[in-house]
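Engineer: Kindly return the folded structure for what I paste below:
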Amino acid sequence: MKIHLGCGERYLEGYENIDFPSTEHTVQKTSVADKYADIVELKYEKSSIDEIRLHHVFEHFERAQAAALVAVWNNWLKDGGILHIEVPDFFRTAIACISPFTTHHKRMVGIRHIFGSQEAKWAVHFDGYDSFRLKKMLKIFGFEIIKIKKNSWRGTYNIEIIARKTNKNFSKEDCLNAGRIYLRQFCVDQSETEKIMLESWMKNFKSQLDKNY
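Structural biologist: Model (predicted):
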């Protein structure tokens, strides 16, 4: 069992291709999906999936939600199962945007690549990733990195990361602990307001985890 989340118009043979129905798309003319669903509402049995793939989907999730979904996907995957994610390369794109040698058009395309196309309610990028951050994030949630690839498409820069589930005993409590470790990195300091901020993030993390775990 292999699943391709947010398939768009790209059909992958041997996968269950999942996406929003056509009514939720504004640019896409056809749908190749085998199943229509909201990714954040999906639920599969523990250790039932061989591979999960997302191409330019992960950046559309809010930070705490994205972290919870990685924890959930670890739960769905079989021991040694594969997680394959492709996202915009935030740092490389940002550097191109601020370079004085970048044309105005390329800078505008770069800004779109960072923040999303925004033609639909879901077409917004909530976070920016680079290879180092993705590696660290996936390791926190029980994955080992197999391969990282960088590519460019029509002047945009992207990262693909392929990881393997390594911790077969990653419990729900482990997920919550990992979520706290990951989200704590975004705190400015240890002040009371930042502690409250972290608890707010953890509430969102736990809500998404409980929904899909």
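
Engineer: Check this protein and tell me which residue is nearest its centre.
Structural biologist: residue 58 (2.4 Å; Cα atoms, centre = their mean).

Engineer: residues in contact with that one?
Structural biologist: Under the criterion of Cβ atoms under 8 Å, 6 or more residues apart in numbering, the neighbours of residue 58 are 66, 85-87, 129. For glycine as for every other residue, the C-beta is placed from the backbone atoms N, C-alpha and C.

Engineer: let's go with 6 Å and repeat that
Structural biologist: By Cβ atoms under 6 Å, 6 or more residues apart in numbering, residue 58 lies in contact with 85, 87.

Engineer: do residue 164 as well
Structural biologist: Residues in contact with residue 164 (Cβ under 6 Å, 6+ apart) are 80, 82, 144, 146.

Engineer: Tell me which entries of those residues lie within strands.
Structural biologist: If you go by DSSP state E, these have 80, 82, 144, 146 in strands.

Engineer: out of these, which is most surrounded?
Structural biologist: Greatest neighbour count in those, by other Cβ atoms under 10 Å, goes to residue 82: 18 neighbours.

Engineer: Surely that one and residue 50 touch.
Structural biologist: No. Taking contacts as Cβ atoms under 6 Å, residue 82 lies outside contact range of residue 50: 7.1 Å.

Engineer: what residues are shared contacts of these two?
Structural biologist: What both residue 82 and residue 50 touch, as defined by Cβ under 6 Å, 6+ apart, is an empty set.

Engineer: Could I get the buried residue list for the helix or strand containing residue 70?
Structural biologist: Using DSSP states H and E, residue 70 maps to helix 63-76. Within helix 63-76, the residues scored as buried using 16 or more other Cβ atoms under 10 Å are 64-76.

Engineer: Ok, stretch 189-205 next?
Structural biologist: In stretch 189-205, residues buried by neighbour count (16+ other Cβ under 10 Å) are 198, 201-202, 204-205.
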